[in-house]
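Asks: Structure for the following, please:
(one chain, ligands or ions: 3)
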Amino acid sequence: MSKTVNEKINIAKNIAKSHYLNQATSTALVLRDQLQITGLLPPAVETFDLQKKRALIQLRAKSTELEKYIFLAWLRNTNVRLFYRLLIEDLEEITPLIYTPTVGTACQEYSHIYPFLAPPGVHDGLFLSLNDLPNLKNIIKNYNPYPFDESLTPQIAVITDGSRILGLGDLGVNGMGIPVGKLQLYVAGAGIDPRRTLPITLDLGTNNEHNLKDQFYLGLRRKRGSDKEFFSFLDAVVKTLREVYPELLIQFEDFSSEHAFELLKKYRDNTFCFNDDIQGTGAVILSGFINAVRLTAKDIPPKEHRILFFGAGSAAVGVAKQLLEFFQIEHGMTEADAKKLLWLVDTKGLVTFDRGDKLADHKVYFARKDNEGQQFKSLTEVIDYVRPTALIGFSSQGGIFTEEILKKLARLNKNPIIFPLSNPKNNAECTFEQAMKATNNQVIFASGTMFPTYTEPETGRVRYPGQGNNMYIFPGLGLGALLAKPRIITDKQIYKSASALAYSLTDEEISLDMLYPKLTRIRRVSAEVASAVIVQIVEEGLARDEEVIALVKNDLEVLKANKGPQWEGLVRFVEENMWDYGREKYFDSKI
Ligand SMILES: NC(=O)C1=CN([C@@H]2O[C@H](COP(=O)(O)OP(=O)(O)OC[C@H]3O[C@@H](n4cnc5c(N)ncnc54)[C@H](O)[C@@H]3O)[C@@H](O)[C@H]2O)C=CC1
Ligand SMILES: CC(=O)C(=O)O
Ligand SMILES: [Mg+2]
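Replies: Ligands and ions are numbered 1, 2, ... in the order given. You can find the predicted model right below:
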């Protein structure tokens, strides 16, 4: 549709002001005249390619990862499309700089690197503190980073209260890097429009003494209050967000485990939301586990796996619940029998019913009753008792899977499954190299933060570590949900996201014994995950988008008639709905 003169003039004015529309040195000379910015840019008119090349050279010249993080934040907040072009085209290089591990350092240093992340008038996210309670609605509306198009209301909010940022503990408002980073991966990984993302950090105080004493700390200088205060603030925030943006999908992120489970219980059946650490992580690790089961199937029948979780917080319990579903759905086990394959360990040792302490609610369901009065404290003791086929680390205790532990696993299993999943990298329970060396290269491995490949010295064969990180799930899950528009996210939708991810491996990836697809394929993988989620939403009768419902029905008919690959029409539709940095028509500079 051609634009009216007034629309064109408005766009022109906005290009001059907007970090989204900004073309910097690629602005054509005629456009510079129209915008009255001639002379304000150097004379050369550059291509987008050349701009990208310069940005990459500048990025690579920075000497620390934190400097790279700051450079990328600045780029994102001054030239959105150039930033996303870099991220999407150089995903493997840039993801670790905006996400784990570097985002961990950036969060720890947030109050020190602020405000050098964005120019005046551009805001990385929304802070809501307890003091804002009387005025939440207006404050939520204040966050409008792209004021030029009112149809661009937020679609997804990632919310944290900073109380358990990665494995780094309570960082208070310094946790803002996490919602910001997750939403960048929504854009890169699933083509969510960056203008429709809403990072939120809640400030209910912090129990981090270091922060409270730090003169630069940017949050409220008070300790966290009672659960009552927490839940009533959360109620007010969720309620107001839904009033202002009724279709908003809310992702809860990095809340302390006790609150995370309670929040999910409270909102899952009445709010369009999910918890990434419980459900997203559950799905991504189930997916890796499905492929690990396939790789070990010759030696271990699936039902004979014994899975030991080192750590018993939101992530471990979320994964345990998904595995429980898997053994029931795929292997016909009863709930009681499936539960017997899972053991949890926390700071006090093996989680048993009769251990003598009051177990947190989320541990009770998995507490063992078959220990015959025996208790097992150290990891070594637990391993000797359980004889696990899989050891899964969610403890944030870097290096705790020692050579001795790894060798023990190797003695027990031909191919031990070892997943040190804590973040960031320093908190990983072991490295890929350590696991390879201690198991004579037999390990089946995934970590939360990516490790380098390992070349077997004897054979020269290159081995690929898996990255078991919820970043493979939440972008596709979120996109699928936004397209089909259910009012709630159900367990079945989460389960389908996991199986879609597991079966998204290409023949090449399977031949390389990979557990997860290559990161560079994330958009295609997210489209497959989103499609599986959409089909499930339609099957549950929860979809509210007519076009999506019709597409699923059509694909089903094609499938029944055996005329083509499953969900091809749907996957194409999903891909066509992804935002891309080059799609906007007004960038051809002919206004
Ligand atoms: N790879 C991924 O996609 C994800 C990774 N994570 C990571 O998982 C870790 C845990 O997250 P949450 O479960 O939410 O945290 P959490 O703090 O609730 O859980 C940690 C658990 O480890 C146990 N633990 C701590 N030290 C221990 C020790 N020395 N011995 C035995 N047990 C010990 C604690 O008792 C607790 O049960 C974090 O590092 C987080 O970054 C979390 C979500 C997703
Ligand atoms: C990956 C993630 O969500 C975490 O470590 O908390
Ligand atoms: Mg998290």
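Asks: Give me the distance between the closest residue to residue 515 other than its chain neighbours and residue 257.
Replies: Nearest residue to residue 515 in three dimensions, chain neighbours excluded: residue 466, at 3.6 Å (C-beta to C-beta, 6 or more residues apart in numbering). From N, CA and C alone the C-beta is placed, and that goes for glycine too. Between residue 466 and residue 257 the distance is 24 Å, computed by C-beta to C-beta, to the nearest Å.
Asks: if we can go back for a sec, distance of the residue nearest to residue 515 relative to residue 481?
Replies: From residue 466 over to residue 481 the distance is 25 Å, taken as C-beta to C-beta.
Asks: Return the backbone torsion pair for the residue nearest to residue 81 when sequence neighbours are not counted.
Replies: In space, and not counting its chain neighbours, residue 81 is closest to residue 581: 4.3 Å by C-beta to C-beta, 6+ apart. Backbone torsions for residue 581, taken as degrees, to the nearest 10, come to phi -70, psi -20.
Asks: quick one: contacts for residue 581?
Replies: By C-beta atoms under 8 Å, 6 or more residues apart in numbering, the residues touching residue 581 are 80, 81, 82, 84, 85, 88.
Asks: And the residue nearest to residue 412 when sequence neighbours are not counted, how far from residue 401?
Replies: Once flanking residues are discounted, residue 412 sits nearest to residue 387: 5.5 Å by C-beta to C-beta, 6+ apart. From residue 387 across to residue 401, the span is 16 Å (C-beta to C-beta).
Asks: So for these two, which residue has more residues nearby?
Replies: residue 401 (26 against 14; other C-beta atoms under 10 Å).
Asks: Let me know whether my guess that that one is in a helix holds.
Replies: No - under DSSP: H, G, I helix; E, B strand; the rest coil, residue 401 falls outside any helix and is assigned coil.
Asks: Now do the contacts for the closest residue to ligand 1 within the stretch 101-250 of the chain.
Replies: Residue nearest to ligand 1 within the stretch 101-250 of the chain (C-beta to the nearest ligand atom): residue 167, separated by 2.6 Å. Counting by C-beta under 8 Å, 6+ apart, residue 167 touches 396, 422, 423, 424, 427.
Asks: And for residue 286?
Replies: When contacts are counted by C-beta under 8 Å, 6+ apart, residue 286 touches 319, 322, 323, 325, 326, 495, 498, 499, 502.
Asks: So the residue nearest to the fifth one when sequence neighbours are not counted versus ligand 2, what's the distance?
Replies: Counting by C-beta to C-beta, 6+ apart, residue 286 is the residue found nearest to residue 326 once chain neighbours are left out, at 5.7 Å. Using C-beta to the nearest ligand atom, to the nearest Å, residue 286 is found at 15 Å from ligand 2.
Asks: Please shift the residue numbers so they start at 588 in all later answers.
Replies: With 588 as the first residue, the last one maps to residue 873.
Asks: Distance of residue 873 relative to residue 1031?
Replies: Distance from residue 873 to residue 1031, by C-beta to C-beta: 15 Å.
Asks: Pull the number of nearby residues for whichever residue of the chain sits closest to ligand 2.
Replies: The chain approaches ligand 2 most closely through residue 1010 (3.7 Å), counting by C-beta to the nearest ligand atom. Close neighbours of residue 1010, defined as other C-beta under 10 Å, add up to 24.
Asks: Pass me the low-pLDDT residue ranges in the protein, would you?
Replies: 588-604, 734-735, 1149-1152, 1170-1178 (pLDDT under 70).
Asks: Nearest residue to the middle of it?
Replies: In the chain, the centroid-proximal residue (C-alpha atoms, centre = their mean) is residue 1058; its distance is 3.5 Å.
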